[in-house]
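Undergrad: what follows is a protein structure lacking sequence information:
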């Protein structure tokens, strides 16, 4: 159930980014200026990153949660994943780009993958 909570929160975050991008696109057409399109491109990178990495991370979290992982580990993974995506989005939302925070976000997301893979392997082998 913890994974479900984080799936809903992250899906909501994804929808907010998508709606913001729609607003930027409409604003650029209405005002006939190009600055919204620069923001649109930057937000698109963060949105694409979420679309690529969020489903598998949530699937891995779901599988280890169903395998009996402790709630503390699940909360840690969910918070790391959320923080990773927020840092990634925040860094690319700045103009000109801040590439330090997206890198930290990517490290946090990768840590979620590593923890989930190790726990899943441990569950499969009967070690965890």
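TA: Looks like it arrived, so ask away. Because the structure is a prediction, the values reported are computed rather than measured.

Undergrad: residue 127: what secondary structure?
TA: coil (DSSP: H, G, I helix; E, B strand; the rest coil).

Undergrad: that one and residue 65, how far apart?
TA: Distance of residue 127 to residue 65, given as Cβ to Cβ, to the nearest Å: 17 Å. C-beta: built from backbone N, CA, C; applies to glycine.

Undergrad: and those two? Which one has more around it.
TA: Per other Cβ atoms under 10 Å, whichever of residue 127 and residue 65 has more neighbours is residue 65, with 21 against 9.

Undergrad: how near is that one to residue 1?
TA: Taken as Cβ to Cβ, the span from residue 65 to residue 1 is 8 Å.

Undergrad: so where's the protein uncertain?
TA: Low-confidence segments of the chain (pLDDT under 70): 32-36, 95-97, 128.

Undergrad: try it again at 90.
TA: By pLDDT under 90, the low-scoring segments of the chain are 1, 17-18, 20-50, 88-103, 126-128.

Undergrad: what are the boundaries of the strands in the protein?
TA: Counting by DSSP state E, the chain has no strands at all.
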